[in-house]
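Trainee: here is the input, now give the coordinates:
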Amino acid sequence: MDDASPSGPANTVDRENAAELSLTSFCWWREDLPPEVCEDYWRDVHGIMFARAPGLWQYRQLRLGANRPDLWPEIGSISFDVPTAAQPQGIPHGLFLSGADLTAFGDNPLPRQAIPDDAQTFLGRIGALLSPPHGGRTLVDRIDDPAVQGVVPAPTFALCFAPAPGVTSAEDFHHVLAERVARPWSEHPDVLRLRVEPLPPYESSAMSSPGVPHAWPGDTPYLGWIELVVREEGVLGALPEHLATDALSRHVGALHTYPVREVYTIISAGRPTDVGLRGYPAVRTIDAVGADAQHSGAVLEHLFGDAVRGLDRLRE
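Mentor: Got it, this is the predicted structure:
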């Protein structure tokens, strides 16, 4: 099934930058369940619920590895370490074309009740933040795959930034992150993809769930993050050479580097992907046996009805 809207932008940068709003959630799994069980439930049960709700332009799930402080040289007083208990294990990331689409999403019974109620099944903690309008931007994407599924094709990282002590202006911090960090890095020839997301100061989760704590663990809530894909992980050590590091260390108190092990795209260009409709194990099996007819729009519409058309339902 083609995941692009017939009239939508032709490449990933334009497609993502068409969105006005972006929602980032930091997720910690329940400690009494194996992490792989939480991850699979997140993708194949919880994630599919998002694919049945209107309003989302894009929805991806990023599975994270442990923080990698070893990838960076020393930069002023910036800390690269974070306690294990404070490290998130997943980032769900959603894009909305407009405030009206976000409202339509929030008013739907699935996001309003069923999804929050389901979160306690696998989540031990959540912190969701809505970026300022048009704040999140994809600056470069040389991979140009709008629906990555599974193991990432090149080293990928979620770089999470916390402000330095004494930084009181979120707007100034966001400017430094976008213009003094993200933009110079996006011009590096070995950076394959870069998206920057400014985040508001964290007070409570923008998407809360009954029974799931939303107090931020530790004392370094993030004020922004960058999704970075590079040719090889050694590139990170050279990136500070492209910055005014004194300005960086004045504004950034901590930089945490989470490898993204896998990405699953549930919705792309306003429509559910096959993974969003069926779940990844079913799609993997269909591809393994070469059952191409199972990907046809006609078959999917017979099986899933209106859900196949996703955001188009709001345009009628």
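Trainee: got the buried residues for the one helix or strand Leu95 maps to?
Mentor: Secondary structure from DSSP states H and E places Leu95 in strand 90-96. Residues of strand 90-96 classed as buried: Gly90, Ile91, Pro92, His93, Gly94, Leu95, Phe96 (neighbour count, 16 or more other CB atoms under 10 Å). For the C-beta atoms, the positions are set from N, CA and C on the backbone; glycine is no exception.
Trainee: cool, stretch 214-232 as well?
Mentor: 214, 216-217, 220-230.
Trainee: again, but for stretch 76-89
Mentor: Residues of stretch 76-89 classed as buried: Ile78, Phe80, Val82, Ala86, Gln87, Pro88, Gln89 (neighbour count, 16+ other CB under 10 Å).
Trainee: just the element for the nearest residue to Asp274 once chain neighbours are set aside, please.
Mentor: Once flanking residues are discounted, Asp274 sits nearest to Val283: 4.9 Å by CB to CB, 6 or more residues apart in numbering. If you go by DSSP H and E, Val283 is part of helix 280-289.
Trainee: how about that helix as CSV, C-alpha atoms only?
Mentor: The C-alpha trace of helix 280-289 is given here as CSV (Å, rounded to 0.1, in the frame of the first residue of the first chain):
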residue,chain,number,x,y,z
TYR,A,280,4.9,-5.9,12.2
PRO,A,281,4.9,-9.8,12.6
ALA,A,282,2.1,-10.1,10.1
VAL,A,283,3.8,-7.8,7.6
ARG,A,284,7.1,-9.6,8.0
THR,A,285,5.4,-13.0,7.3
ILE,A,286,3.6,-11.6,4.3
ASP,A,287,6.9,-10.3,2.9
ALA,A,288,8.7,-13.6,3.7
VAL,A,289,6.3,-15.6,1.6
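Trainee: tell me the mean pLDDT for the very next helix or strand once past that helix?
Mentor: For helix 280-289, the succeeding helix or strand toward the C-terminus, using DSSP H and E, is helix 297-304. Helix 297-304 carries an average pLDDT of 84.
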